[in-house]
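S.K.: sequence plus the predicted model coming up.
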Amino acid sequence: MSEKKWKFDTLVIHGAQTPELWRNASLAPIYQSAAIRYDSAEELSEVFAGKKEGFTYQRLNNPTNEALEKRLCLLEGGLAAVVTSSGMAAVNNALQAILRPGDQIVCSNSLFQATYGLLTNALKKLGIEVRFVETCDPRAWEKALSERTKLVYVETIGNPRMDVPDIKRLAELSHKNRAPLIIDNTLATPYLFRPLDRGADIVVHSTTKYFNGHGSAVGGVVIDSGNFDWPEDKYPDFKVYKENKAKLAYIDKLWREIHVSYGTCQAPFHSYLTLIGLDTLALRMQRHQSNAQALAEFLAKHLLVKWVNYPGLPESSSHATAQTQFGGKGYGALLTFGLEDEKACFALIRRLKLVYHLANLGDCKTLIIHPWSSQYINFPVALRRENCISPDMLRVSVGIEAVEDLMEDFDQALKAV
Ligand SMILES: Cc1ncc(COP(=O)(O)O)c(C=O)c1O
């Protein structure tokens with residue numbers, strides 16, 4: 001049976017595996033070597049010139065990293081991928097590969113805090129103008145987008161606002177304005193949703209989260225569909241890359257101009273850990289999501305909980321879009337909920353016995369954090385509020401434990417608050 005016919009659950013385990021290149025080892029080995037040795041100067045020159053396939057130096061390429069790139073690219077239905085040192089390196093590289101000072105971009109206003117920081121600090125200093133748009137308001141996108149727009153950027157499920165934009169509609173709008181659509185698909189993963197199938201052009205991930213699944217390595221990836229044609233009058237910098245590599249122009253430009261120059265390579269050991277985690281992605285996502293749904297419903301009914309925000313709940317403003325877009329396969333596994341005030345949130349965190357209190361998501365273990373006093377602590381209060389972060393809010397990344405034990409843990413902690 002060909003790879004093309006495999007269901008996702010098979011593809012995630014068997015797809016793009018090449019044991020014949022690894023002396024028949026069943027896992028990609030860790031090529032823990034800064035550089036690769038060549039007998040002749042002629043051969044190394046050909047590899048550097050891109051005339052011959054091969055590896056040179058770890059900042060540029062590495063066989064373990066390539067194994068991860070191939071598997072992730074296949075899962076997202078892309079043409080080419082580059083793994084990076086972190087999710088933020090992937091976000092930064094994906095944007096900077098396209099932008100020049102003076103460019104304007106249009107982004108959702110529901111973004112991960114460090115992405116928001118990148119856009120409003122580092123990219124602003126480079127002369128990039130960012131227009132933020134209400135994620136689920138198609139008319140606001142229509143108004144903000146123009147021929148000047150160089151790219152459009154959203155998260156499939158916004159972290160931590162939990163809102164879900166209509167990706168197909170956004171792809172149509174972006175393309176009408178001759179701009180590529182870039183999606184951060186970290187919270188959904190391709191198990192739940194593949195943005196490239198709905199017209200998006202580029203996908204980024206923090207592989208630190210569900211791909212790795214065990215909180216054992218930080219990493220990121222940029223995956224290109226190869227479909228956006230980078231019109232020369234609007235993206236003149238792409239001309240030389242298009243002549244050289246045609247559909248691979250974007251990844252080649254990103255790799256040469258940003259990834260290699262900024263030194264954002266992933267450590268091969270991190271790729272190895274993520275390759276192992278990837279095998280169980282489908283199984284884990286099923287359980288993450290069914291647990292999240294059950295826990296969200298449990299918390300929504302709990303007398304001591306003021307509110308719950310999870311796209312799987314019918315009262316969520318994103319429920320209908322998420323249901324259609326994700327085809328009933330789930331709603332991710334991140335949720336937020338509210339208590340009386342910050343004091344109550346701190347007390348709950350103290351009382352939880354099973355749930356880990358730390359700044360990550362997508363781990364097998366259930367994790368909790370109080371964003372107002374942690375990830376957002378250095379944002380001025382008005383900006384925290386603008387980002388929909390409130391002192392009464394807790395964020396939970398639901399793990400894969402027995403959900404009854406999770407409910408019991410939350411129940412005993414809530415009662416003790
Ligand atoms: C949606 C999203 N994108 C990007 C990132 C950044 O990833 P990393 O921490 O691997 O740099 C995160 C991290 O939490 C995230 O949640």
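M.R.: Happy to help now that I have it. Residues are numbered from 1 along each chain as shown.
S.K.: which ones are touching Pro268?
M.R.: Taking Cβ atoms under 8 Å, 6 or more residues apart in numbering, we find Pro268 in contact with 30-32, 58, 62-65. Every residue, glycine included, has its C-beta placed from N, CA and C.
S.K.: just the buried residues from those, in ChimeraX please.
M.R.: To isolate the buried ones among these in ChimeraX, judged by 16 or more other Cβ atoms under 10 Å, type:
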select :30,31,58,62,63,64,65
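S.K.: what residues does the stretch 101-250 of the chain put near the ligand?
M.R.: Counting by Cβ under 6 Å from any ligand atom, the stretch 101-250 of the chain comes close to the ligand at 112, 114-115, 155, 159, 184, 186-187, 206, 208, 218, 220.
S.K.: which of the residues you listed sit farthest apart?
M.R.: Longest distance between any two of these is 18.4 Å, between Glu155 and Val218; criterion Cβ to Cβ.
S.K.: neighbour count winner among the two?
M.R.: Legend: neighbour count by other Cβ atoms under 10 Å for Glu155 and Val218, higher for Glu155 (24 against 21).
S.K.: hey, what's the more buried one bridged with?
M.R.: Taking DSSP bridges as the rule, Glu155 bridges to Asp184.
S.K.: my guess is it meets Asp184, correct?
M.R.: Yes: using Cβ atoms under 8 Å, Glu155 makes contact with Asp184 at a distance of 4.3 Å.
S.K.: now do the shared contacts for the two.
M.R.: By Cβ under 8 Å, 6+ apart, the residues touching both Glu155 and Asp184 are 111-112, 115.
S.K.: show the buried residues in those residues.
M.R.: Counted by 16+ other Cβ under 10 Å, those give 111-112, 115 as buried.
S.K.: from these, which is closest to Leu335?
M.R.: Phe112 (15.7 Å).
S.K.: can you give me the pLDDT of the closest one?
M.R.: Note on Phe112: pLDDT of 97.
S.K.: strands of the stretch 201-350 of the chain, residue ranges please.
M.R.: Ranges of strands in the stretch 201-350 of the chain, per DSSP state E, counting those that start in this stretch, are 202-206, 220-224, 307-309, 334-338.
S.K.: what about the stretch 151-300 of the chain, any weak spots by pLDDT?
M.R.: Along the stretch 151-300 of the chain, no part satisfies pLDDT under 70.
S.K.: rerun at 90
M.R.: Within the stretch 151-300 of the chain, the segments meeting pLDDT under 90 span 244-246.
S.K.: got the contact list for whatever residue of it ends up closest to the ligand?
M.R.: As assessed by Cβ to the nearest ligand atom, the ligand sits closest to Ser206 within the stretch 151-300 of the chain, at 3.0 Å. Counting by Cβ under 8 Å, 6+ apart, Ser206 touches 86-88, 90, 184, 186, 219-220.
S.K.: can you pick out the most distant pair from those residues?
M.R.: Asp184 and Gly219 (14.3 Å).
S.K.: returning to that earlier point: going by distance to Val305, which of the contacts of Ser206 wins?
M.R.: Thr186 (26.0 Å).
S.K.: count of neighbours near the closest one?
M.R.: Residues near Thr186, counting by other Cβ under 10 Å: 29.
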